[in-house]
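# model this:
(2 chains)
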Amino acid sequence: MINRFSFLVLLALPLAAQLPPAVQACATLRHHGDARADACYEKLTHSTDREVQAEGYWGIRNYKIANDLFRDAVKAKPKDPALRVRWGYLFFEHWQAGEAGKLFEEALELDEKNASALVGLAQLAADGYSARAIEFAKHALEIDPKAYQAEEVLARVALEDNNEAKAAEEAKKAVELSPEALDAMAILATIDWLNDKKTSPWLDKILKVNPRYGEAYDIAGHFFIINRRYEEGILKYRLALELDPHLEKARAAMGLNLMRLGREDEARAELERAWNAGYQPTESQNTLKLMDKYKDYDTFRTPTTVLKLGKKESALLRPYFQAELDRALATFERKYKYKLPGPVQVEVYPNHPDFEVRTMGMPGLGALGVTFDSVVAMDSPNSRKPGTFHWASTMWHELSHVYVLNMTKSRVPRWFTEGLAVYEETAASPDWGDRLDPDAIEAIKTKKLLPISDIDRGFMHPSYPAQVVVSYFQAGKICNFIDQKWGHDKLLAMIHDYAELKSTPDVIELEFKMKPEEFDRQFFAWLDAQTKRTVEGFDDWKKSIKGVAENAKAKKWDEVIREGLRIRDLYPDYVDAASVYEFLADAYEAKGDKAKEMAELARYSRIGGRNPTTLKQLATLQSEAGQKREAAATLERLNLIYPKDEDLHKRLGALYLDLNNSTLAVREFAAVVAGPPLDPAGAHYELARALKQANRTEEAKDEVLSALEAAPSFKPAQRLLLELNVKQ
Amino acid sequence: MLVLVWGLRAETFYFTVAGLGGEPEYEQRFSGWAKDLDKLLHEVEPHAKIKTLYGADATRANVEGYLREVAKEAKPEDSVVLMLIGHGTYDEFDYKFNLPGPDLSAAQLAALLDKLPTAHQLIVNMTSASGGSILALEKPKRVLITATKAGTEKNATVFPRYWIEGMRDPAADSDKNEIVTALEVFRYAEEKTSKFYETQKRLSTEHALIEDAGKGEGVKIPSAENGEGLTAGRFAVLHLGAAAVQSRDPAKLALLKQKEELEAAIDDLKYRKASMAVQEYRGQLQALLLELAKTQEALDK
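Numbering: from 1, shown residues only, chains lettered A, B, ... in the order given. Coordinates of the predicted model:
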C-alpha cells in the first residue's frame, strides 16, 4: 500500500526540541516552502556532527548516505531515542514502513514517553488502515498535549471513517496547537472539497504558510480516491504537481489511479517519470511490471462493454463472461432506471498477485474484485481453488458499484455501495453471494454489529479481524431489510440522496422518517428474528458437526443420519467444506437410498453449495433419475463457479444435445475445444455434432475435419464427415 | 501408423501389484486401485493373462513366483505389463517397493524382468519415490513409466488414479484407432496429474516420467527430439474395438492396404501444412479424409 501521508515527514515540523538548531532552521524554511531550504540542507552535509550531516543528506534526498550516517550516529549514541525516531522517519519517507516501525519501537524501549515515536507509530498504523492509529495518537497526546501531529492523525482517521464532524474537530484542535499545522488545514480544506465547495478558506491559509504546499492537494487526492471519486482525485494530484512539480509521490499516485481508470498510456508515462525521478516504492515497480503483462491479454469490445481476458483463457471464458456482463447491465439499467454514460470495462486477471497489484492501495479484505468508476478488475475463476469463488456473483457485485458510483458521481458512503452490491448478488440468484458465516453469527451474538451512522468504521478501520467481512454482511442485510420493508425504490431514492451529498443520518430521517437509532432498533429486531435459531443453536451445531464428521469417517451411517438431520436446520446456511448436507448424502449413498441422497445434495445446491465434486454428483443422480433439465441446471451453476473443467462442459454439452438445446450444446462443446482439451479429436467431433444439430453445417464440417486431422481413423467422426458431405 | 502395434496376435500378461499401505486409508486406496485395474482388464481384455496381487497376498515371494511362471510360459513375441501401486522408498542407493514382509528392491525386480523371454515389457511404477527405480529398471525397448521424477519425491502419489482413468476413458485414445498405447495412457495420466495439483493450488510433489530408449533418464514430454516415446507409442496396452479382428481377415487386406496408404498420405499432407495456403490444405485434407472414411466404411461392412 502506498503510504499516502509519509511525505509529510520532512515538511511537518518535528516535535519541539527534537532537532538540533541548525537542522530546525532548514526544516522551518522547507515548511514555509522557502527555496533556500535546499541550500540550507546542502550546507548541513558538511557538518562534522553525524546527526546533522544525516539530516542534511536527507534534506537533499540522498537517502543512502543519510541512512549510513544515521546508522553511525546511532552507534555512537545508542541511548538516544530521538535519533532513532528521526532515523525511523527517514525509512518511513523511503517506503520502508517495517524498518521505520522497528526504530520507533526501539525508541519507545529507551523512552516509553517518547511522543514522537508514538506519533510515528500512529502514522504507520494509519497508513495500514489499522484502528491502532487512534490508540497511538491518543497516547502521544497524553504525553505531549501539544503534539499537533497526533491530532492530525486523529483527523485523518475520522475522515477516512467518513466522520467529517469529528475530522474537522480534530483538525481544528491541531490548528489551535499550531497555526502552521499544514496537514490539519489540508484535511479541513479536503472536507470542503469533498462537499463540492469550489474553494476553501483553508487553502488560502495553507498557501500563506507555504505557497508551494502541493501536499495539500495530495492529501485531498487521497481522500477523493478512497471515496472512489477517482477523476476528482486525479485532478487534485494534478493541482498538487502544479504547485510542486517535484512532488513525485503525487505523480505516482496519479499514475496508479490513471491506470485504474484504464488510461494506460498516461499512467505509464507518469509512473515512469516518478520512477526516474527517484520515487521507487515496490508498488510502482509492481504496477509497471503489471502493465508490461497487458500484452498477454485479449480485449473484446461491444458498444457497451470492454472485456479484457488473459490470452490463454479468453476463448474459454469469453462466452460466459460476456453473457453475464450483458445480462447484468440490462438488469441494472432496468432496476436503477439509469443508462451508463459509456462502456464498462471488466478486466479478469488469471494470476491473483496481478489482481492484487491492480487493487493496490485499497483498504479492506483480500478482495475478489474491485471497481474504479466504470472499470472493474477481478480475479479469474482459474486463479482460485475450484469451489471457493463464484465469479458471476463477484462480477454482478462490482457492476452494481459501477451503477451506484456513476449515479452518485461517487458521492456514496462505502457501507451503502457495498451493502447494495451484496444485496444485488443474492437478488440476481438466491444461491449467489455469501451465506451467513460463523463470524457474522458471532458478531450478532456478541452484539458487535455497528449502528448505521457508524458502520463505515467497520470497513475502514476494523477493530477486530473479521470486522470488514461482518460489515459487508451487515450492510447487505440492511439493504435486504429496506427492500423487504419499503421496496426497492427506497434504495433507489437513497442513491439519489447520497448523490446530493446527504449524510447517512439525514438519509435515514428523510427516507424512513425516523432517527438512525430507531432504524437500528427495527433492523436489529428484523435480523434477530431471521437469525435467532442459528445464533442460539450455533454452539450445539458446532459441537455436533464434529461428531457427524467422525461418524462419517467411521462409516456409522445411521448415526450420521440421525444427528445430521437433527442439526441440519440449526444452521442451514453452512455449505462450506464438510457440510452436513454432504455427510448426509454420503450416508444415504452408502445405504443405497439415491432419492434421499439427491434430496440432500439438491438442498445443498439450492442454498449455495459450490463444491464442484458434490454438484457433479448431484447432476449424475439427477441424470440417472431422468431429470435432465435439473441436471443441466446444476451443472450450469458450476459454469459460474469454476468453468475450467473439461468434464463439466462435456457432460453439460451432452445433456443439452439430449434436451435438443443445440445452441447451448455448441457453447459447451466449444468450451471443451477452448480448454484446451485432453482429447482434441473427441472435442472437435462433439462440437461438430452439436453444430450439425444446430444446422450450422459448414461450421460442423470444419470441426469434423479438425477432429479427423488429429485422429484420421476416428470412426464416429468419419461417419459424420460422410453424412455431412452426403447432405451437401 | 498403429496397425503395426505389438500385441495384435501375441499374448499380453498383465500383472498388477498393490503394496503395503501402512495405514488403513492407504491400504484401502491401494487395494481399491488394484481391484479397479483387475476388473477393467477382465472386461476389456478378457482373453489376456491377468494376475493381480494386493493386501496380504502381495508378498515378494508371490511377486517373484508369478514372474518366474511368466518367464516359463511367455513367448518372445508376447508382452508383459507390470503395474506397481503403493509406497516406495529410496535411500540414495536403492529403491524398494514396500510389500508385506520383505520389500522388493529395484535391482531384484530388474533381475526377474531380465529373465522374461518377452522383448515387449511395460513397467509402470506408480509408487512414491518410483523415480529412484529408473536406473535399475531401464533397458532399451523396455517401456518404463514412473510416477515421480526422483527417489526424493516421497509423498503418496495420485498418478495411479489417472493411469487407471486413462485406461478406462476412451479420450485417452487420442488418435481414435481403438488401440490404447502406453504413450497415450502416460500422456493422459501425466496431464491429469499435473492439472490435479494446478487446480488444487498445491505444489506438485510428483512428476511422472517415461523412459523407453534405455538412456537412463526419463522425460516428462516424450518427443522425436529427445528420442523417447517411440516404443511406448507402439506398445498396445488395451484394444478397444475391431482393429485386431480386421487385421486378421485376409479378405480385407486390400482395403487395409488402401487405408494405410491414405493414412500415410494424410501424414504427409500434415507435414507440409506449414508451407501451404489454408484453403488448399483444407481442400486436400477433406478429400483424403473422405476417401479414408469411405474405405473404413467398406472395411466395417
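# Please count neighbours and contacts with C-alpha atoms only from this point.
Fine.
# A:Leu510 - how many residues pack around it?
Residue neighbour count, defined by other Cα atoms under 10 Å in any protein chain shown, stands at 15 for A:Leu510.
# Now do the contacts for it.
A:Leu510 makes no contacts at all, as judged by Cα atoms under 8 Å, 6 or more residues apart in numbering or on different chains.
# try 10 Å this time
Contact analysis of A:Leu510 by Cα atoms under 10 Å, 6 or more residues apart in numbering or on different chains lists A:Ala493, A:Met494, A:Asp497, A:Lys502, A:Thr504.
# Pull the most distant pair out of the residues you listed.
Spatial extent of the contacts of A:Leu510 (Cα to Cα) is set by the pair A:Ala493 and A:Thr504 at 12.6 Å.
# Just give me the longest helix of the chain.
In the absence of a named chain, chain A is used. helix A:516-553 (DSSP state H).
# Chain B, not that one
Longest helix in chain B, counting by DSSP H: helix B:278-300.
# what about the residue of the stretch 51-200 of chain B found nearest chain A, which SS state?
The minimum distance from the stretch 51-200 of chain B to chain A, using Cα to the nearest Cα, falls at B:Asp175 (4.1 Å). The three-state label given to B:Asp175 by DSSP: H, G, I helix; E, B strand; the rest coil is coil.
# thought it was touching A:Pro712?
Yes: with contact defined as Cα atoms under 10 Å, B:Asp175 and A:Pro712 form a contacting pair (7.1 Å).
# quick revisit: just give me the closest of the contacts of A:Leu510 to B:Ala182.
Closest to B:Ala182, out of all of the contacts of A:Leu510 and judged by Cα to Cα, is A:Met494, at 66.5 Å.
# Distance-wise, check the closest one relative to chain B.
42 Å (Cα to the nearest Cα, to the nearest Å).
# Could you pull up phi and psi at that residue?
phi -60, psi -40 (degrees, to the nearest 10).
# Which residue is the nearest non-sequential neighbour of it?
Excluding its sequence neighbours, the residue lying closest to A:Met494 (Cα to Cα, 6 or more residues apart in numbering or on different chains) is A:Val507, at 6.6 Å.
# Quick check: the residue of the stretch 51-200 of chain A nearest chain B.
For the stretch 51-200 of chain A, Cα to the nearest Cα, closest residue to chain B: A:Gly128, 28.5 Å.
# I'd assumed A:His461 was in contact with that residue.
Yes: using Cα under 10 Å, A:Gly128 and A:His461 qualify as a contacting pair, with a distance of 9.2 Å.
# B:Arg272: how many residues sit nearby?
Neighbours of B:Arg272 (other Cα under 10 Å): 11.
# Next one: it, what pLDDT does it get?
pLDDT recorded at B:Arg272 is 89.
# can you tell me how far it sits from chain A?
If you go by Cα to the nearest Cα, the gap between B:Arg272 and chain A works out to 13 Å.
# Next up, the contacts around that residue.
B:Ile266, B:Tyr281.
# Run a quick neighbour tally on the residue of chain A found nearest chain B.
Taking Cα to the nearest Cα, chain B has its nearest neighbour within chain A at A:Ala711, 4.1 Å off. When neighbours are counted by other Cα under 10 Å, A:Ala711 registers 22.
# And for A:Lys335?
So A:Lys335, with other Cα under 10 Å, has 12 neighbours.
# buried ones in the helix or strand harbouring it?
Applying DSSP states H and E as the criterion places A:Lys335 in helix A:311-336. Burial within helix A:311-336, assessed by neighbour count using 16 or more other Cα atoms under 10 Å in any protein chain shown, is assigned to A:313-318, A:321-322, A:324-325, A:328-329, A:332, A:336.
# before we move on, the earlier item: per-residue confidence at the closest residue to the residue of chain A closest to chain B other than its chain neighbours?
Excluding its sequence neighbours, the residue lying closest to A:Ala711 (Cα to Cα, 6+ apart) is B:Asp175, at 4.1 Å. In this model, B:Asp175 is scored at 89, pLDDT.
# still on that earlier bit, of the contacts of A:Leu510, select the buried ones using a PyMOL command.
In PyMOL syntax, the buried subset of those is picked out as below (16+ other Cα under 10 Å):
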select buried, chain A and resi 494+497+502+504
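# Same list (the contacts of A:Leu510) but as TSV, adding distance to B:Val158, pLDDT and secondary structure.
TSV is the format used below for these (distance: Cα to Cα, whole Å; pLDDT from 0 to 100; DSSP: H, G, I helix; E, B strand; the rest coil):
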residue	distance to B:Val158	pLDDT	secondary structure
A:Ala493	57	97	helix
A:Met494	55	98	helix
A:Asp497	58	97	helix
A:Lys502	60	93	coil
A:Thr504	56	95	helix
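# downstream neighbour of the helix or strand of chain B with the lowest mean pLDDT in the secondary structure list?
Least confident helix or strand, chain B: helix B:243-248 with a mean of 55, by mean pLDDT, DSSP states H and E. For helix B:243-248, the succeeding helix or strand toward the C-terminus, using DSSP H and E, is helix B:253-271.
# Give me the distance from that next one to the chain's centre.
26 Å (Cα atoms, centre = their mean, to the nearest Å).
# Check which helices and strands that helix sits against.
helix A:697-710, helix B:243-248, helix B:278-300 (3 or more Cα pairs under 10 Å, 6 or more residues apart in numbering or on different chains; DSSP states H and E).
# For it, buried residues please.
Taking 16+ other Cα under 10 Å as the criterion, helix B:253-271 shows B:Leu256, B:Gln258, B:Lys259, B:Glu260, B:Leu262, B:Glu263, B:Ile266, B:Asp267, B:Leu269, B:Lys270 as buried.
# do stretch A:70-80 as well
Buried residues in stretch A:70-80 (16+ other Cα under 10 Å): A:Phe70, A:Arg71, A:Ala73, A:Val74.
# Could you measure from the second one over to B:Asp212?
By that I understand A:Arg71. 62 Å (Cα to Cα, to the nearest Å).
# For A:Lys166, which residues are in contact?
A:Lys166 touches A:Leu154, A:Ala155, A:Arg156, A:Val157, A:Ala158, A:Leu159, A:Lys172, counting by Cα under 10 Å, 6+ apart.
# Recalculate using a threshold of 8 Å.
So A:Lys166 contacts A:Ala155, A:Ala158, A:Leu159 (Cα under 8 Å, 6+ apart).
# about what we covered before: surely the residue of the stretch 51-200 of chain B closest to chain A and A:Glu709 touch.
No: B:Asp175 is beyond contact range of A:Glu709, at 9.4 Å (criterion: Cα atoms under 8 Å).
# any idea of the pLDDT on the residue nearest to the spatial centre of chain A?
What sits nearest the mean C-alpha location of chain A, by Cα atoms, centre = their mean, is A:Ala367, with 3.6 Å. Looking at A:Ala367, its pLDDT reads 75.
# Give the helix, strand or coil label for it.
Applying three-state DSSP: A:Ala367 is coil.
# how about the strands of the stretch 301-450 of chain A, start to end?
Ranges of strands within the stretch 301-450 of chain A are A:305-310, A:344-349, A:369-372, A:375-379, based on DSSP state E, counting those that start in this stretch.
# interface residues of chain B facing chain A?
B:171-177, B:188, B:191, B:199-201, B:263, B:266, B:285-286, B:289-290, B:292-294, B:296-297 (Cα under 8 Å from any Cα of the partner chain).
# PyMOL command for the buried members of those residues?
Selection of buried members from the residues of chain B next to chain A for PyMOL, criterion 16+ other Cα under 10 Å:
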select buried, chain B and resi 171+172+173+174+175+176+177+188+191+199+263+266+285+286+289+290+292+293+294+296
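# Which residues does the longest helix of chain B contact?
A:705, A:708-709, A:712-713, A:715, A:718-719, A:721-722, B:246, B:252, B:255-256, B:258-259, B:262-263, B:265-266, B:269, B:273.
# what residue ranges in the stretch 101-250 of chain B score low on pLDDT?
B:241-249 (pLDDT under 70).
# ranges for the helices of it?
Per DSSP state H, counting those that start in this stretch, the stretch 101-250 of chain B carries helices over the ranges B:106-114, B:134-137, B:159-168, B:182-199, B:243-248.
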